[in-house]
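In: Starting from these lines, generate the structure:
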Amino acid sequence: MRKVEVTVLFVSIALVATACASSPGDAEPTTTETVETTLPPTTTGAEPESSSAVPVGPSALDDPLADEFPDPLVPVSEIISGGPPPDGIPPLDDPVFADVAEATDLLEPEESVVALVVDGDARAYPARVLIWHEIVNDTVGGVPVSVTYCPLCNSAVSYRREVNGVETTFGTSGSLYASALVMYDRLTESLWTHFDGRAVVGVLAGTQLEAIASPLVAWEDFATSYPDGKVLDWTQTGFERDYGRNPYVGYDNAEAQPFLFRGVVDDRERAMQRVVGITTGGMSVAYSTAVLATGERSATSAMVGDVELMILWKAGQSSALDASTVGGGDDVGAVGVFVPELDGRALSLSVRGGVFVDEETGSTWSITGAATDGPLEGGQLQRVEHLDTFWFAWSTYRPETSLIDG
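Out: This is a model prediction of the structure:
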């Protein structure tokens, strides 16, 4: 298969460095060359105590080529500076939440939020916050988690923040790999790719984090599905940021090219085409959102590997990376991916009368996989972790992927 070579060495500081500036309006847009092959010096911050279960060694932030490290999983020369130093884009380590029932007017109905539900504990992390902080270290349903978001690849991924059974937190390294956030753990300061939760450089190279399903949905849909849930309160982050403003205006454009991407783009689809990426049963599949976005809602049966899935799509979520405001972008819809069965009973979902309905009982379902009316009311389909992202990112990290684009 022919591949299109893409090498982007220049990017406006307004796109990357603005997100870490103490006064976002102070920076003048300039152009700079980013060809660095080493990472910025180490950062300070909370660092959990080490454990015999976790190897020790030098910091990959200080020296990613240290002799003590296992072989890196990616070329170190392709990990490039995005502009800010480690934690220059500051993660939130002490997030403050508001009750959904008391905060329905906190966001615009169509604004994008990351929805994470663990053991009945439902939390929304607004894109207007994540676009400036990229990582939230939290505990949800008693599980230590890191909720991560990369604006340059439009991907939200949540992980259990434990390494070899030892709890840690994650920070932003200030660097990118394949135009995606590179994180570091504060236990060993190894480098991790946000997109797939792997340690790629440092003493933990080869270690894999456990991902937890956390789709991007519209605030209105989250609030309706989880009225007893919580939402990250962007008025109490402890930082002064222009929350609600999008520093990446126009980036969500299928005809554009990704910034700071120095690889090859699989030419089966445009680099910046939105896709829904799913990996399960040992197989990876990407669905172009152009295939799913039919009408106001769609229900698509999918077989990924030997696993039968149901992909629900619903209009009503705005792109956080399009207009000057996070809530003012084009309607890109929201996706939920589920195992279509409940209590051992297989279900077939379709769209009837403008709602999701199962053919077996006539119960209605939400985009979050919850039965909202009918005999199965109160039931919840098993969520399947997926990524709402751009094609260049998915095909880079999942080069063996199948593509459904029409």
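In: Mind pulling the model confidence for the closest residue to Ala346 other than its chain neighbours?
Out: Excluding the flanking residues, the one nearest Ala346 by CB to CB, 6 or more residues apart in numbering is Pro340, at 6.6 Å. The C-beta positions use only the backbone N, C-alpha and C, and glycine is treated the same way. According to the prediction, Pro340 has pLDDT 97.
In: surely Pro340 meets Ser350?
Out: No: taking contacts as CB atoms under 8 Å, Pro340 lies outside contact range of Ser350: 11.0 Å.
In: more crowded one of the two?
Out: Neighbours were counted for Pro340 and for Ser350 using other CB atoms under 10 Å; Pro340 has more, 22 against 15.
In: who's in contact with the residue nearest to Ala346?
Out: By CB atoms under 8 Å, 6 or more residues apart in numbering, the contact set of Pro340 is Ser301, Glu308, Leu309, Met310, Ala346, Leu347, Ser348, Leu349, Leu381.
In: burial measure for the first one, as a count.
Out: Read that as Ser301. Ser301 has 12 neighbours, counted by other CB under 10 Å.
In: Helix, strand, or coil at it?
Out: strand (DSSP: H, G, I helix; E, B strand; the rest coil).
In: Do you have the strands of the stretch 1-150 of the chain handy? List them.
Out: Ranges of strands within the stretch 1-150 of the chain are 3-5, 10-12, 31-33, 79-81, 97-99, 112-118, 121-126, 135-140, 143-150, based on DSSP state E, counting those that start in this stretch.
In: Those: lowest mean pLDDT?
Out: strand 31-33 (a mean of 29).
In: Any chance you could spot the residue sitting in the middle of this protein?
Out: Centroid-nearest residue in the chain, with CA atoms, centre = their mean: Ala156, separated by 1.0 Å.
In: any weak-confidence spans in this structure?
Out: 1-52 (pLDDT under 70).
In: Which stretches in it count as helices?
Out: Applying DSSP state H to the chain gives helices spanning 13-16, 127-133, 219-225, 289-292, 391-397.
In: Turn the contacts of Pro340 into a markdown table, including distance to Val96.
Out: Formatted as a markdown table, those follow (distance: CB to CB, whole Å):
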| residue | distance to Val96 |
| --- | --- |
| Ser301 | 41 |
| Glu308 | 40 |
| Leu309 | 36 |
| Met310 | 35 |
| Ala346 | 42 |
| Leu347 | 38 |
| Ser348 | 42 |
| Leu349 | 37 |
| Leu381 | 31 |
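In: Would you list the buried entries among those residues?
Out: Among the contacts of Pro340, those scoring as buried are Leu309, Met310, Leu347, Leu349, Leu381 (criterion: 16 or more other CB atoms under 10 Å).
In: need the contact list for the first one.
Out: Leu309 sits next to Ile278, Thr280, Ser301, Ala302, Met303, Val337, Phe338, Val339, Pro340, Val384 when contact means CB under 8 Å, 6+ apart.
In: change it to 7 Å
Out: Neighbour list for Leu309: Ile278, Ala302, Val337, Phe338, Val339, Val384 [criterion: CB atoms under 7 Å, 6 or more residues apart in numbering].
In: State the distance from the last one to Val145.
Out: Which is Val384. 18 Å (CB to CB, to the nearest Å).
In: Could you do the fifth one as well?
Out: Here the distance between Val339 and Val145 works out to 22 Å (CB to CB).
In: Those two - which one has more neighbours?
Out: More crowded of Val339 and Val145, by other CB under 10 Å: Val145, with 22 against 17.
In: need the contact list for that one.
Out: Leu116, Asp138, Thr139, Ser158, Tyr159, Arg160, Arg161, Ile212.
In: do that again at 10 Å, thanks
Out: By CB atoms under 10 Å, 6 or more residues apart in numbering, the contact set of Val145 is 116, 118, 123, 136-139, 158-162, 210, 212, 214.
In: what is it paired to in the beta sheet?
Out: Val145 has these beta-bridge partners by DSSP bridges: Asp138, Arg160.
In: how much space between it and Val335?
Out: Distance from Val145 to Val335, by CB to CB: 21 Å.
In: residues near the closest residue to Thr188 other than its chain neighbours, how many?
Out: Of all residues not flanking Thr188 in the chain, Val203 sits nearest, at 5.1 Å (CB to CB, 6+ apart). Residues within reach of Val203, counting by other CB under 10 Å, total 22.
In: Name all residues that make contact with Val203.
Out: With CB under 10 Å, 6+ apart, Val203 has these contacts: 54-60, 66, 68-70, 185, 187-190.
In: Recalculate using a threshold of 7 Å.
Out: Counting by CB under 7 Å, 6+ apart, Val203 has contacts Pro55, Val56, Gly57, Phe69, Thr188, Ser190.
In: Would you mind giving me the PyMOL syntax to select the buried ones in those?
Out: Here is the PyMOL selection string for the buried members of these, based on 16+ other CB under 10 Å:
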select buried, resi 55+57+69+188+190
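In: Turn the contacts of Val203 into CSV, including distance to Leu176.
Out: Below are the contacts of Val203 laid out as CSV (distance: CB to CB, whole Å):
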residue, distance to Leu176
Pro55, 25
Val56, 27
Gly57, 23
Phe69, 20
Thr188, 20
Ser190, 16
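In: ok, of the contacts of Val203, which one's closest to Met272?
Out: Ser190 (30.1 Å; CB to CB).
In: The closest one is in contact with Leu204, isn't it?
Out: Yes: with contact defined as CB atoms under 7 Å, Ser190 and Leu204 form a contacting pair (4.0 Å).
In: Brilliant, that's me finished.
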